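Engineer: coordinates only, sequence not included:
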């Protein structure tokens with residue numbers, strides 16, 4: 001997913017002289033063609049994340065469209081004040097491409113796990129948050145970022161992102177994509193958890209349970225209209241995210257549902273990381289499963305909710 005997003009930045013830069021790339025301590029060879037062919041719009045600033053946010057904001061105020069790329073934890077935790085003041089307050093057209101959303105950097109431990117990045121960025125007015133499911137959806141999204149007004153936080157998966165998205169429904173920032181229709185429950189996903197929901201829905205069907213799936217690639221602004229339409233048709237709703245259950249996709253859906261006030265009772269459950277620092281080191285998939293982010297957990301949760 002990351003190579004696709006960065007290749008798209010280079011494509012956009014070749015077509016539009018407003019596009020600027022700013023990196024922070026990236027690996028050797030990253031965007032080498034960009035650096036070679038458009039050196040005056042390629043900047044590698046080293047480990048200075050707060051600085052590059054301010055730099056990007058300044059360039060945006062001068063009419064450029066900067067694409068910033070570094071590790072998610074550093075873009076969000078470390079740069080919170082800069083994101084609020086330099087990007088949110090001024091509504092600058094800066095695109096933050098974050099490596100390692102969720103548990104991607106499980107081998108590096110808790111300092112590199114971006115499990116609260118969505119919650120952090122949701123609090124910033126004017127900030128758009130997008131988490132594509134796979135490389136194909138990433139490409140469809142990236143082509144729409146050039147002229148979009150305001151800052152965008154782009155959450156990248158890495159390594160555990162099979163191609164499961166669809167182009168049958170046109171991609172549009174801020175619009176959810178219904179992936180399945182079912183009468184028993186609704187599973188709402190974002191990012192790479194779409195693949196888990198699809199797997200779970202197939203297995204639930206064998207148990208005579210029909211699941212709808214709503215893929216919310218854009219978490220802010222969340223597509224309230226499609227969410228309420230699909231919630232209205234079922235009795236049980238599950239949200240699934242590679243993120244803490246506090247402040248992310250599940251919280252956003254719960255806020256909307258609570259304010260709507262349905263006539264019929266709805267049972268609701270968030271699947272994600274509990275209010276803990278995930279322990280241990282290892283592979284992304286293993287850490288997700290240890291924290292209950294799996295197709296099997298979705299199935300068990302669905303069965304339990306539908307018993308009530």
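Structural biologist: Arrived safely. Remember, it's a predicted structure, so these values are computed and weren't measured experimentally. Residues are numbered from 1 along each chain as shown.
Engineer: So what would you say the end-to-end distance of stretch 269-286 is?
Structural biologist: Distance between the boundary residues of stretch 269-286 (C-alpha to C-alpha, to the nearest Å) amounts to 22 Å.
Engineer: Just the buried residues of that stretch, please?
Structural biologist: Taking 16 or more other C-beta atoms under 10 Å as the neighbour-count basis, stretch 269-286 is seen to contain the buried residues 269-273, 278, 284. Where you see a C-beta, it was placed from the backbone N, CA and C, and this is true even at glycine.
Engineer: same thing with stretch 113-132?
Structural biologist: By neighbour count, with 16+ other C-beta under 10 Å as the criterion, the buried positions of stretch 113-132 are 113-122, 124, 127-132.
Engineer: These in strands, which ones?
Structural biologist: 128-130 (DSSP state E).
Engineer: show me where the stretch 151-300 of the chain has helices.
Structural biologist: In chain order, the stretch 151-300 of the chain shows helices spanning 193-205, 224-231, 249-260, 284-290, 295-307, with DSSP state H, counting those that start in this stretch as the criterion.
Engineer: now these in CSV, with mean pLDDT?
Structural biologist: Formatted as CSV, these follow (pLDDT from 0 to 100):
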stretch, mean pLDDT
helix 193-205, 97
helix 224-231, 97
helix 249-260, 96
helix 284-290, 93
helix 295-307, 97
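Engineer: Of those, flag the one that's most buried.
Structural biologist: Each of those was assessed for mean neighbour count using mean count of other C-beta atoms under 10 Å. The highest is helix 193-205, with a mean of 22.
Engineer: What is the distance between the lengthiest strand in the chain and the centre of its chain?
Structural biologist: In terms of residue count, the longest strand belonging to the chain (DSSP E) is strand 236-244. Shown here is strand 236-244, whose average C-alpha point lies 13 Å from the average C-alpha point of the whole chain (C-alpha atoms, centre = their mean, to the nearest Å).
Engineer: go on, stretch 215-230?
Structural biologist: Taking C-alpha atoms, centre = their mean, one finds stretch 215-230 lying 13 Å from the centre of the chain it belongs to.
Engineer: same check, this time on stretch 121-137
Structural biologist: For stretch 121-137, the separation from the chain centroid amounts to 5 Å (computed by C-alpha atoms, centre = their mean).
Engineer: measure it end to end?
Structural biologist: From its first residue to its last, stretch 121-137 covers 21 Å (C-alpha to C-alpha).
Engineer: again with stretch 43-50
Structural biologist: Criterion C-alpha to C-alpha; first-to-last residue distance in stretch 43-50 is 15 Å.
Engineer: in it, what's buried?
Structural biologist: Using 16+ other C-beta under 10 Å as the burial criterion, the residues of stretch 43-50 that qualify are 43, 45, 49-50.
Engineer: And the contacts of that stretch?
Structural biologist: Counting by C-beta atoms under 8 Å, 6 or more residues apart in numbering, the neighbours of stretch 43-50 from elsewhere in the structure are 20-26, 35, 51-52, 55, 70, 74-75, 78-79, 81-82.
Engineer: again, only using 7 Å
Structural biologist: Contacts of stretch 43-50 with the rest of the structure, by C-beta atoms under 7 Å, 6 or more residues apart in numbering, involve 21-26, 51-52, 70, 74-75, 78-79, 82.
Engineer: Please apply the same query to stretch 277-297.
Structural biologist: For stretch 277-297, using C-beta under 7 Å, 6+ apart, the contacting residues are 103-104, 106-107, 109-110, 113, 115, 159-160, 193, 196, 199-200, 203, 240, 242, 271-273.
Engineer: tell me the contacts of residue 299?
Structural biologist: The neighbours of residue 299, taking C-beta under 7 Å, 6+ apart as the test, are 200, 203-204.
Engineer: What separation is there between the nearest residue to it once chain neighbours are set aside and residue 194?
Structural biologist: Nearest in space to residue 299, with sequence neighbours left out and distances taken as C-beta to C-beta, 6 or more residues apart in numbering, is residue 200 at 5.2 Å. Taking C-beta to C-beta, to the nearest Å as the measure, residue 200 and residue 194 are separated by 11 Å.
Engineer: Filter the buried residues of stretch 113-132 down to just the ones in helices.
Structural biologist: Where the buried residues of stretch 113-132 overlap with helices, as defined by DSSP state H, the overlap consists of 117-122.
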